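Enquirer: pasting the structure only:
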């Protein structure tokens, strides 16, 4: 069971600025609370008790929030002095991680996965990285992830219209030692320069979870969250 999580909270949030323009995406208010509140609460309920926040754009607003609203939370922060990409941000935060396997996820997305299930698949597959996959229908905003019968990821398909398929939900369980041994550059995309580049090595597993999923990166979904979070158990 993974109990340590990296939350990426340094994004610029350019697509959301028409709705929220003065805070990082993860701090966008949903029903009177920052979106980050719901992400933290879900992880706490799943048994995560150590947090690493990767900060960048307006990061001081997040540190102020954590200090005021979560004084008892066991957390550390790391600061991107310049944008490092999703991969670079995870790599930087991994320097402060302590456990062999660490969760990594985006602070502006809530995918309510069962972390115990993700951990079990990760262990059984002896995977370097295990992705949580969300089944979707009639979509074009995301690419599709294909797995073999053994659950090992075979390929990543480009973004286009799909009738149905499994998307990368952005919740990863990563073997810290194996990931850091890659000698990756300081700045890189976790999706393009790590997952897609090394997928043929068959070191990545996928676990399908039909759990609640929302990415508030665009104004329409940010607006949808205002309604849906009224009944969300977080």
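Expert: Received, thanks. If you're wondering where the values come from, they're calculated on a predicted model, not measured in any experiment. Numbering: from 1, shown residues only.

Enquirer: Strands of this structure, start to end?
Expert: Under the criterion DSSP state E, the chain carries strands at the ranges 4-9, 29-30, 33-34, 50-55, 75-79, 101-106, 109-111, 129-139, 144-147, 153-157, 162-175, 204-208, 213-215.

Enquirer: List of residues touching the first one?
Expert: Read that as strand 4-9. Contact with strand 4-9 is made by 24, 26, 36, 39-40, 43, 48-56, 59, 62, 86, 89-90, 93-94, 97-99, 102-107, as judged by Cβ atoms under 8 Å, 6 or more residues apart in numbering. The way it works is simple: take the backbone N, C-alpha and C, and place the C-beta from them, glycine included.

Enquirer: about what we covered before: out of the strands of the chain, nearest to residue 222?
Expert: Closest to residue 222 of those, according to Cβ to Cβ: strand 29-30, at 7.7 Å.

Enquirer: Quick check: mean pLDDT of that closest one?
Expert: Across strand 29-30, the average pLDDT comes to 92.

Enquirer: quick revisit: can you add mean neighbour count and distance to residue 197 and give the strands of the chain back as JSON lines?
Expert: Output for those, formatted as JSON lines (neighbours: other Cβ atoms under 10 Å; distance: least, Cβ to Cβ, whole Å):
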{"stretch": "strand 4-9", "mean neighbour count": "25", "distance to residue 197": "19"}
{"stretch": "strand 29-30", "mean neighbour count": "18", "distance to residue 197": "35"}
{"stretch": "strand 33-34", "mean neighbour count": "18", "distance to residue 197": "34"}
{"stretch": "strand 50-55", "mean neighbour count": "24", "distance to residue 197": "21"}
{"stretch": "strand 75-79", "mean neighbour count": "16", "distance to residue 197": "24"}
{"stretch": "strand 101-106", "mean neighbour count": "25", "distance to residue 197": "17"}
{"stretch": "strand 109-111", "mean neighbour count": "24", "distance to residue 197": "22"}
{"stretch": "strand 129-139", "mean neighbour count": "20", "distance to residue 197": "12"}
{"stretch": "strand 144-147", "mean neighbour count": "18", "distance to residue 197": "15"}
{"stretch": "strand 153-157", "mean neighbour count": "17", "distance to residue 197": "10"}
{"stretch": "strand 162-175", "mean neighbour count": "21", "distance to residue 197": "15"}
{"stretch": "strand 204-208", "mean neighbour count": "23", "distance to residue 197": "11"}
{"stretch": "strand 213-215", "mean neighbour count": "19", "distance to residue 197": "23"}
